[in-house]
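[1] Predicted model and sequence below, questions to follow.
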Amino acid sequence: MAIEKYRVHEVAKDFGLSTKTITEILTKYATAPKNHMQVLDDHELSIIFDYLTQHNQVSGIQVIFADTYQEKKKEEPPAVQPAPQSPAQPKPQGQKAAPKPQSQPVQQKGGEAPRQQPASTQQPASRVPQKKIVDTRKGGDVNLAKYDERLEDLGGQRGERMQQRGGKEKFRSNQRKSGMTFSNKRRQDEAEKMRRLQLEIAKKAPLKVQIPDEISVGELASRMKKTGAEVVKCLMKNGIMASLSQIIDFDTAAIIAEEMGCKVEKEVVVTIEEKLIDAHEDRPEDLVPRAPVVVVMGHVDHGKTSLLDTIRNTSVASGEAGGITQHIGAYQVQVNGKPITFLDTPGHEAFTSMRARGAMITDIAILMVAADDGIMPQTVESINHAKAAGIPIIVAINKIDKPEANPDRVMQQLTEHGLVPEDWGGETICCKVSAKKNLGIDNLLEMVTLTAEMEELRANPNRAGQGTVIEARLDKGRGPVATLLVQNGTLKQGDIIIAGTAVGRVRTMLDYKGNRLTEAGPSVPVEIAGLSEAPTAGSPFFAVADERMARELVEQRKAEERAKAAAPVQKVSLENLFDQIRSGERKELALIVKADVQGSVEAVKASLEKLSNDEVNVRVIHGGVGAINESDVMLASSSGAIIVGFNVRPDAAARDGAARQNVDMRMYRVIYDCIDEIESAMKGMLAPKYREVVLGHAEVRQTYKVSGVGTVAGCYVQDGKIVRNCSVRVVRDGIVIHEGHLASLKRFKDDAKEVAENYECGMTVEKFNDIKEGDIIEGYTMEEIPR
Ligand SMILES: Nc1nc2c(ncn2[C@@H]2O[C@H](COP(=O)(O)OP(=O)(O)OP(=O)(O)O)[C@@H](O)[C@H]2O)c(=O)[nH]1
């Protein structure tokens, strides 16, 4: 900005004062100017203006405005008519310079220089005696902006007047310089200063960076407006070696960003799911009691189905004889006016398979134990499944009508599994019932309602319905049909729902009896039609407001599913155990132990649990005798457990399930090996160099004793292949009875290198002759694991 010069003599001239007066003011209040040509700075000018203002007071600000107003009015007629400005104002004549209202009024005659006027610092005050007391600018607290505005106004008016009155060109140019230009300049100066200051502040204020949960180093650098090298260097300073493409977590990124002078804000990414699905927490005052959801578990033939049938049939009003026609996988009964929802899918498999998918739908488990049979392997499984889910167990000791029933023995056995009956001072409710004869069922149901009351099960019926898919199928006439359990809110006919990868409107809604419903509240099971496809059991469903967005979410889920299928991830394995412990992800190592004899189960369980240390707790969530089955795999999958087998093998379904669900199964023959391996894995010292690769299985169909050779097994290769010299194990009823090598492999009379699936062959096992018909010979090799 060009700064115009304003000299002593120009100031004097503009104010109609002598150079001497100005010089005197400056000498008194600042430094004396060298001569009349000296350029004055802002400070000096302020002093002069202040001084003149103080010594040329007006009676009120309105006087000035009144003057201005009147003067303007007067200017309207073409003839220049000096008019009395105010009674106090001296009358100027003709083209004489107008008096300055707030400063020195100057009386000039003709072209006479104002300098000729005798002037002193005292003089102006005496010349405007009528204009009194308006001084707002005393002391250092000067409002410059206001001051400038006044000055500009005055200057502007005077310039205008001068022009009107044919004032000199020179005067006008001075006027511009002194009044208008000067104040504009000052104002611009101020504005410029302000802008610079703001810029400076903005520069100094820390840069705000938004950081998501995970961010690549390169992206972080660009968000912080820094170079990648600077960020990498800062990371290294903090002991983190990371390349530009490496992903770092929010905490690390935040530390780095703060260290580099940025202000960190967490970037919240709102997904379609978050936008679409109402997941707000209910306020306690909105919650009302809801019916408990009960599942019946137990060993085969202990009476689960009979119990469910009895409960269902007795609950049906006599008028509805003929029972329930519509079977929808869940039903509700009323006990003393209180509803109980039963999942009509007996067995823990269904229960655990849902839990494996993250669906926690049951509140209470009824454990059926036949009084004549006692606790059996599946009873133990059921106990452990319910315990893993953390739900209360009510024991129904069934078949008490049988003469051989021995409920006390059952109770004794229960204590061995951590369920101490109430009668014996424990907390487990045990009810003696007969499902067949309908004995004690009422009491059992009452116990269920009591337990439910203790659990304080609540839900909010006044929100959009949500819950879990219990089962779904494709009906020929009705299309995809799903049984849903509403867990919170109220599901209404016509609602748009999304369940896993299925979406659609609730076209029809039926209760378990087949009656049409228009709405269903919490804990109510319903069968609905109207979905685009049959959703998977265990999928959560939600009633949503926006169908288009719901369809978009379904597409997204389908794409995610495809991507997941392409890249399976191992949930927990001995290989990744240490990493998970180190990263704090895992605080507990859950194990399922299966062995050939109960003694081994107990021994292994005790030894493994002793491995617990400060960082990780080792817990055997289930132990049992026999081959590893699908149920074990499901429990492992839903609980994030590793399966440990001793002298047992997984059956075909378990093998498939484990492969599908990435469950780690470890087989051992010696307890010591198992303890050693798990201990090493926990310390991160596991160095498994070899992995077992199962080649195939052959069933022994016939055996021949050949003298000098031993027992020859005539086999049929069921799957895979058997290769000569491969390692084999002989498995009888799921239990490994021998491990060794093949001694010979023949097709008819010839030696064979390998025998493929569906072919017969003869084989002998090195140093083992106790082969029997029905044994399974599993061929395997050890393969090096690339590290
Ligand atoms: N005496 C007597 N028999 C019963 C009782 N409850 C069930 N049974 C019988 O026990 C057998 C098995 O009963 P289910 O209800 O099918 O047993 P489950 O546990 O559902 O069996 P799975 O479905 O095979 O797992 C049937 O023959 C029933 O009649 C009972 O209270 N008393």
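    Looks like it arrived, so ask away. This structure is a prediction, so every number in the text was calculated from the model and none was measured. Residues are numbered from 1 along each chain as shown.
[2] Residue 380: neighbour count?
    Residue 380: 19 surrounding residues under other CB atoms under 10 Å. No exception for glycine: its C-beta is placed from N, CA and C like everyone else's.
[3] who does the closest residue to it other than its chain neighbours bridge with?
    Once flanking residues are discounted, residue 380 sits nearest to residue 624: 5.9 Å by CB to CB, 6 or more residues apart in numbering. Taking DSSP bridges as the rule, residue 624 bridges to residue 594.
[4] give the contact list for the residue in the stretch 51-200 of the chain that the ligand sits nearest to.
    Nearest residue of the stretch 51-200 of the chain to the ligand: residue 198, at 78.7 Å (CB to the nearest ligand atom). With contact set as CB atoms under 8 Å, 6 or more residues apart in numbering, residue 198 has no partners.
[5] where's it, which helix or strand?
    Per DSSP states H and E: residue 198 is located in helix 182-204.
[6] Which is the succeeding secondary structure element to that helix?
    The first helix or strand that comes after helix 182-204 along the chain, using DSSP H and E, is strand 207-211.
[7] Could you spell out the sheet neighbours of that following strand, each with its direction?
    Take DSSP bridges as the rule and strand 207-211 pairs in its sheet with strand 262-266 (parallel).
[8] Need the contact partners of the partner strand.
    Contact with strand 262-266 is made by 206-212, 224, 250, 253-254, 257-258, as judged by CB under 8 Å, 6+ apart.
[9] want to throw those residues into JSON lines with neighbour count?
    Listed next are the contacts of strand 262-266 as JSON lines, based on neighbours: other CB atoms under 10 Å:
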{"residue": "206", "neighbour count": "12"}
{"residue": "207", "neighbour count": "15"}
{"residue": "208", "neighbour count": "11"}
{"residue": "209", "neighbour count": "22"}
{"residue": "210", "neighbour count": "13"}
{"residue": "211", "neighbour count": "24"}
{"residue": "212", "neighbour count": "13"}
{"residue": "224", "neighbour count": "21"}
{"residue": "250", "neighbour count": "15"}
{"residue": "253", "neighbour count": "26"}
{"residue": "254", "neighbour count": "19"}
{"residue": "257", "neighbour count": "26"}
{"residue": "258", "neighbour count": "13"}
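[10] got a markdown table for those, with distance to the ligand and pLDDT too?
    As requested, the contacts of strand 262-266 are exported to a markdown table (distance: CB to the nearest ligand atom, whole Å; pLDDT from 0 to 100):
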| residue | distance to the ligand | pLDDT |
| --- | --- | --- |
| 206 | 67 | 76 |
| 207 | 66 | 81 |
| 208 | 62 | 85 |
| 209 | 60 | 87 |
| 210 | 56 | 87 |
| 211 | 54 | 88 |
| 212 | 50 | 86 |
| 224 | 63 | 88 |
| 250 | 49 | 89 |
| 253 | 54 | 90 |
| 254 | 55 | 90 |
| 257 | 59 | 89 |
| 258 | 61 | 89 |
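[11] Would you enumerate the residues in contact with the closest residue to residue 692 other than its chain neighbours?
    Excluding the flanking residues, the one nearest residue 692 by CB to CB, 6+ apart is residue 780, at 5.4 Å. With contact set as CB under 8 Å, 6+ apart, residue 780 has these partners: 692, 693, 694, 695, 726, 727, 728, 729.
[12] For residue 780, list each beta-bridge partner.
    Bridge pairing for residue 780 (DSSP bridges) gives the partners residue 694, residue 727.
[13] And it, how far from the ligand?
    For residue 780, the distance to the ligand equals 34 Å [CB to the nearest ligand atom, to the nearest Å].
[14] can you check residue 233 too?
    Residue 233 sits 66 Å away from the ligand, going by CB to the nearest ligand atom.
[15] Three-state assignment for that residue, please.
    helix (DSSP: H, G, I helix; E, B strand; the rest coil).
[16] got a pLDDT number for it?
    For residue 233, the pLDDT comes out at 89.
[17] and what of residue 698?
    At residue 698, the pLDDT value in this model is 95.
[18] Apart from its neighbours in sequence, what residue is nearest residue 679?
    Excluding the flanking residues, the one nearest residue 679 by CB to CB, 6+ apart is residue 611, at 5.6 Å.
[19] Surely the one you found touches residue 681?
    No - the criterion here is CB atoms under 8 Å, and residue 611 misses it with residue 681 at 9.9 Å.
[20] Could you check which of the two has the larger neighbour count?
    Higher neighbour count among residue 611 and residue 681: residue 681, with 23 against 16, using other CB under 10 Å.
[21] What are the contacting residues of the helix or strand the more buried one falls within?
    Element membership of residue 681 [criterion: DSSP H and E] is helix 671-683. Helix 671-683 is contacted from outside by 574-575, 577-578, 581, 589, 591, 600, 603-604, 607-608, 611, 613, 615-616, 618, 644, 646, 666, 668, 686-688, using CB under 8 Å, 6+ apart.
[22] One more pass at 6 Å, please.
    Residues from elsewhere that reach helix 671-683 (CB atoms under 6 Å, 6 or more residues apart in numbering): 574, 577, 604, 607, 611, 644, 668, 686.
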